[in-house]
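> Next one to model:
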Amino acid sequence: TERTPVWLMRQAGRYMSAFRQYSDVYPFRERSETPSMAIELSLQCHRAYGMDGIIMFSDILTPLPTLGIEFDVVRGIGPVISTEVRSEEDVAKLNDAEGVDFDATLPFIREILGTLSKEAEEANTSLIGFVGAPFTLGAYTIEGKSSKHCLATKKMMMADEDGSSKAMSEFLDKLAVMIGNYGCHQIECGAQVIQVFESWAHQMSPSQFERFAKPAAQKAIKIMKDKHPDVPVIYFANGGSSYLELQRDMGCDMIAVDWSIDMEQARKILGPEIPISGNIDPTILFGTKEQIEQAVRDCIDKAGGPGNKHLLNLGHGVMQGTPEEAVGWLVDECKRYKGKDA
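Now for the predicted structure:
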């Protein structure tokens, strides 16, 4: 490409007043599991700013009920998971991951992606689906909600290491199969790109990542790539920049990086051949127009210049309270910028 493409994590979000007309009235799962609402929420930001991608409005936890794991999203608290998974018996009681029928258990996905796929074609843009990585969904389930230290999960990892309980690796394996198949299902319903979110990468040391999260994520990614080799898969480990060198061989097509690492440094660690996505600090969008435009140019330059195996994104999601015009400034500057020598 002659310019760097751009889309933003959480580009459909509460920073938009049009989005809040829904989020202030309807609970999260109703919005993400009712096709007409999910479609509208996916499209609002694209209509407003023209990013190079429409992202399905959904959640990484959406497929958990396919395994018999129940959750709800509680205003002010976030997701709360009621199904307990702590032991090998708990894992064994979950549904068989291989046998999940996504059309029966998540019937709204096909309708949402089918309609969005037509919209993306008309707008000449890509349709992006996404899944949570096995470790992140596993830790979320084990902790029951967002957690500061992930202590129950860490204890399960240690029990796994000393051989007293294999619950952690068995659970991750089950999740990897379900997630890989769920990614394939999204592709079969119309998604043209899949991003894998390791949202809780910051909870792991490099050795824990290497032993638990990485092989499980690689397994999920391989399921998608074996079945759909031409569909790009992006892996994003939020808070995982301290072990970026361990992400070179995830088996995906692009690595997304968070904002805690300098883009030039990230490019150096990954090497020139691995496409990279990121990584503007989302709080920059609260700055001036000049600061935002400068951040866009700096990020593109450090990644190797416009169109150089780089997709411009934030290093995490658009924050609530972000001024709407700021998102427009970022997208417009990315589209305009031809490089420092132009």
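> what does stretch 323-333 contact?
For stretch 323-333, the surrounding residues in contact (CB atoms under 8 Å, 6 or more residues apart in numbering) are 6, 8, 11, 15-17, 45, 48-51, 280, 285-287, 289, 292-293, 295-297, 318. Quick note: C-beta positions are derived from backbone N, CA and C, even for glycine.
> Got a PyMOL select line for the buried ones in the residues you listed?
Burial among these is assessed by 16 or more other CB atoms under 10 Å; the matching PyMOL selection reads:
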select buried, resi 6+8+11+15+16+45+49+51+280+285+287+292+293+295+296+297+318
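> What about the contacts of stretch 323-333, which are in helices?
Among the contacts of stretch 323-333, DSSP state H puts 17, 45, 48, 49, 289, 292, 293, 295, 296, 297 in helices.
> Grab the nearest non-local neighbour of the fifth one.
Nearest non-adjacent residue to residue 289, counting by CB to CB, 6 or more residues apart in numbering: residue 329, 5.1 Å away.
> can you check the fourth one too?
Setting aside the residues directly before and after it, residue 49 is nearest to residue 331 in space (CB to CB, 6+ apart), at 4.7 Å.
> For the helix or strand where the one you found lies, list every residue counted as buried.
Element membership for residue 331, per DSSP states H and E: helix 324-336. Buried residues in helix 324-336, counted by 16+ other CB under 10 Å: 326, 327, 329, 330, 331, 332, 333, 334, 335.
> Hmm, residue 193 and residue 128 touching each other?
Yes - the criterion here is CB atoms under 8 Å, and residue 128 meets it with residue 193 at 4.7 Å.
> Which residue of the two possesses the greater neighbour count?
Legend: neighbour count by other CB atoms under 10 Å for residue 128 and residue 193, higher for residue 128 (24 against 21).
> Per-residue pLDDT of the more buried one, please?
On the pLDDT scale, residue 128 is placed at 98.
> Assumed it was part of a strand.
Yes - counting by DSSP: H, G, I helix; E, B strand; the rest coil, residue 128 is located in a strand.
> So what sits opposite it in the bridge?
The partner list for residue 128 in beta bridges (DSSP bridges) reads residue 55, residue 193.
> Export stretch 333-342 to PDB, keeping only CA atoms.
Taking Å, rounded to 0.1, in the frame of the first residue of the first chain, the C-alpha atoms of stretch 333-342 are listed here in PDB:
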ATOM      1  CA  GLU A 333      -3.700  12.400   9.200                       C
ATOM      2  CA  CYS A 334      -3.000   8.700   8.600                       C
ATOM      3  CA  LYS A 335      -4.700   8.800   5.300                       C
ATOM      4  CA  ARG A 336      -3.000  12.100   4.300                       C
ATOM      5  CA  TYR A 337       0.600  11.300   5.400                       C
ATOM      6  CA  LYS A 338       2.900  10.300   2.600                       C
ATOM      7  CA  GLY A 339       6.100  10.100   4.600                       C
ATOM      8  CA  LYS A 340       8.800  12.500   5.900                       C
ATOM      9  CA  ASP A 341      10.500  12.800   2.400                       C
ATOM     10  CA  ALA A 342       7.200  13.400   0.500                       C
END
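> Quick one: neighbours of residue 183, just the number.
A count of neighbours around residue 183, defined by other CB under 10 Å, yields 27.
> gap between it and residue 223?
7 Å (CB to CB, to the nearest Å).
> doesn't residue 169 make contact with residue 91?
No - look at residue 91 against residue 169 with CB under 8 Å: they stay out of range, at 9.5 Å.
> More neighbours: these two, which one.
A count of neighbours by other CB under 10 Å puts residue 91 above the other of residue 91 and residue 169, at 22 against 18.
> and the more buried one, backbone torsions?
When read as degrees, to the nearest 10, the backbone of residue 91 gives phi -60, psi -40.
> Please name the residues that touch it.
By CB under 8 Å, 6+ apart, the contact list for residue 91 reads 85, 167, 170, 171, 174.
> Among these, name the ones in helices.
167, 170, 171, 174.
> Top of the residues you listed by number of neighbours, please.
Busiest of the ones in helices among the contacts of residue 91 [other CB under 10 Å] is residue 171, holding 29 neighbours.
> quick one: which of the contacts of residue 91 is nearest residue 263?
Closest approach between the contacts of residue 91 and residue 263, by CB to CB: residue 171, at 34.7 Å.
> For that closest one, which non-adjacent residue is closest in space?
Per CB to CB, 6+ apart, closest to residue 171 is residue 91, 4.8 Å.
> how about residue 197, secondary structure?
Assignment for residue 197 (three-state DSSP): strand.
> isn't it right next to residue 60, touching?
Yes - between residue 197 and residue 60 there is a contact under CB under 8 Å: 5.4 Å.
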